[in-house]
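> kindly generate the corresponding structure for this input.
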Amino acid sequence: MARSTDPPRRRVPRHTEEATTLSATATFRDLGILPETAEALEAVGITTPFPIQEMTLPVALAGTDVIGQAKTGTGKTLGFGLPLLESVTVAADVEAGRASADQLSEAPQALVVVPTRELCQQVTNDLLTAGKARDVRVLSIYGGRAYEPQVEALTKGVDVVVGTPGRLLDLAGQRKLRLSQVRCLVLDEADEMLDLGFLPDVEKIIELLPTRRQTMLFSATMPGQVIGLARRYMNQPTHIRATAPDDEGATVANTAQHVYRAHSMDKAEMVARILQAEGRGLAMLFCRTKRTAADVADQLSRRGFASGAVHGDLGQGAREQALRAFRNGKVDVLVCTDVAARGIDVDGVTHVINYQTPEDEKTYLHRIGRTGRAGAAGIAVTLVDWDDIPRWQLINKALGLAFHEPPETYSTSPHLFAEMRIPEGTKGTLPRAERTRAGLAAEEVEDLGGPQARRGGGRRGAAGAVTAEPKRPARPKRQRRRTRAGEPVAEQAERAAKPAKADQEAPQAAAEADGTAPRAPRRRRRRTRGGSAAGATPATGD
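Residues are numbered from 1 along each chain as shown. So this is what the prediction gives:
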């Protein structure tokens, strides 16, 4: 009887492990990672793992498939990033005697699929930091950038690829990205990929990978379709759900939440005063629409704040310029749409302000998750329009919050000043003495060579400065001309009329030269009265 060649059947998770406490003495070295990796983390001050990392590392380092579930901002990136880096064989491993030279590969050995460009950059930076001592080659692949640098890097050889589904499929279809050597696959923020409609593309990517591999799926929530994806493509995964002992609710305990019913015409003034609160560090403002985000960024810039914007109407170069300026401290207020709700992990974000009510509870959680990260304290403020009260009440009920009826609040309300710790007498314009940030214009725009560069893409940022290449001069509008047999109809008619006209004009010209041409009769003017000829008899009814 012939043996079946079908791949082994994937099974659902057999058991679930939950972490509710963290060992006080546990370090990354205790969890069994390579000394070079631990050294790279210690160089940037990372020594103690978070619950999701402490529970994930021993299981993932053994090569087992893992489903990791934890709240945003609790360290999921290193939870999958460290095992992924350990699965890659690099030249340093050969030198240390941990691997043989024939195990090296120029094709990617690990793949991380993420839903957004911003998250792609963040994961790439974290992996580069952790793999610096071993010289692990990590490449980010996402849209909005030119193909050529990415293809050139793939040709030279990379160890880990982090990318968004669209560009990954594009390069794989062109045979520029070889996935036959991938030994470890990570699906990060799987629920977000579901919301954005990327799951079909993710499945196409998985079909291109070897059957024998380690798969890790990380997500803040586990909708049914994500569970179905795990059942189809994972082999007896261990489901790890990590929570902190004092943080059993849906939101992070060390993030103070405030919800106010605000008037749309007063929101900008309220925000300007909140941004002058005592102890305020970096701040992020979230809007539902691109137009609102651009308008709010411009208003804050006119009020003296160093603000930048990240939204879909900006080219990729302008988006990355704003993010770099925010990380570097040149800009301290970042106004963005929900495209940036995931993936931005910047130290020092103390305030998140929901300028517009989020669509649902998941969006709310990911927005406020930009602050209160890694154990730090944060403040989340939500401004609810009168029309958005029903939407907010659904979010409030789903998360079990205590803000069913937000208090009516204005920029002059005493309770706003007290709760936000705004100094008395603060107005909606930042005093000139406090305008110490360099601003968005101090951060250069990188020439990405992508579609925006070819198109021009000269859009204006929050401060009104051009944030991309200047637009080309507009071309004159083309006028369509009717043609017959490839030649304009009007020109054909004119050419045909020329001989006939010449034949008629020739005898006339000769007669005029001889003086024998008859004189043209003089045109007589007719006098009229009441619109009829003067001598005409008016019509009668007889």
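
> show me what contacts residue 277?
When contacts are counted by CB atoms under 8 Å, 6 or more residues apart in numbering, residue 277 touches 351, 420-422. (Each C-beta comes from the backbone N, C-alpha and C, glycine too.)

> find the nearest non-adjacent residue to residue 193, please.
Using CB to CB, 6 or more residues apart in numbering and skipping residues adjacent in sequence, the residue nearest residue 193 is residue 115, 4.5 Å away.

> in which helix or strand does that neighbour reside?
If you go by DSSP states H and E, residue 115 is not part of any helix or strand.

> where exactly do the strands run in the stretch 1-150 of the chain?
16-19, 66-69, 110-113, 138-141 (DSSP state E, counting those that start in this stretch).

> state the mean pLDDT of the first one.
Here the mean pLDDT over strand 16-19 is 47, rounded to a whole number.

> try the third one
When pLDDT is averaged over strand 110-113, the result is 96.

> distance from the helix or strand where residue 292 lies to the middle of the chain?
Here residue 292, judged by DSSP H and E, is contained in helix 290-302. Its chain's average C-alpha position is 18 Å from that of helix 290-302, according to CA atoms, centre = their mean, to the nearest Å.

> for it, name the packing helices and strands.
helix 267-274, strand 307-310, strand 333-336 (3 or more CB pairs under 8 Å, 6 or more residues apart in numbering; DSSP states H and E).

> one step back: among the contacts of residue 277, which one has the most neighbours?
Greatest neighbour count in the contacts of residue 277, by other CB atoms under 10 Å, goes to residue 351: 23 neighbours.

> which pLDDT value goes with that one?
So, for residue 351, pLDDT stands at 96.

> identify the bridge partners of it.
residue 283, residue 379 (DSSP bridges).

> ok, how many other residues are close to residue 407?
13.

> below-threshold pLDDT in the protein: ranges please.
By pLDDT under 70, the weakly predicted segments of the chain are 1-25, 243-252, 340-343, 449-542.

> report the central residue of this protein.
residue 339 (4.1 Å; CA atoms, centre = their mean).

> now do the SS call for it.
Secondary structure state of residue 339, per DSSP: H, G, I helix; E, B strand; the rest coil, is helix.

> let me see the contact set for it.
Per CB under 8 Å, 6+ apart, neighbours of residue 339: 116, 118, 310-312.

> how far away is it from residue 363?
Per CB to CB, to the nearest Å, residue 339 is found 11 Å from residue 363.

> turn the helices and strands packed on helix 290-302 into TSV, columns for distance to residue 168 and mean neighbour count.
As requested, these are exported to TSV (distance: least, CB to CB, whole Å; neighbours: other CB atoms under 10 Å):
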stretch	distance to residue 168	mean neighbour count
helix 267-274	38	22
strand 307-310	22	29
strand 333-336	24	28
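
> need those in CSV (columns: distance to residue 187).
Below are the helices and strands packed on helix 290-302 laid out as CSV (distance: least, CB to CB, whole Å):
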stretch, distance to residue 187
helix 267-274, 36
strand 307-310, 24
strand 333-336, 24
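
> quick one: which of these is nearest residue 147?
Closest approach to residue 147 among the helices and strands packed on helix 290-302 is made by strand 307-310 (23.3 Å; CB to CB).

> what about the helix or strand that that closest one is followed by, distance to the chain center?
Next helix or strand after strand 307-310 toward the C-terminus (DSSP H and E): helix 316-328. Computed by CA atoms, centre = their mean, the separation of helix 316-328 from the middle of its chain amounts to 12 Å.

> just the CA trace of helix 316-328, in CSV.
Extracted C-alpha coordinates of helix 316-328, given in CSV (Å, rounded to 0.1, in the frame of the first residue of the first chain):
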residue,chain,number,x,y,z
GLN,A,316,5.1,57.5,2.0
GLY,A,317,8.0,59.9,2.3
ALA,A,318,6.0,62.5,4.1
ARG,A,319,4.6,59.9,6.5
GLU,A,320,8.0,58.6,7.4
GLN,A,321,9.3,62.2,7.7
ALA,A,322,6.6,62.9,10.4
LEU,A,323,7.3,59.6,12.2
ARG,A,324,11.0,60.3,12.3
ALA,A,325,10.5,63.8,13.5
PHE,A,326,8.2,62.4,16.3
ARG,A,327,10.7,59.8,17.4
ASN,A,328,13.5,62.3,17.3
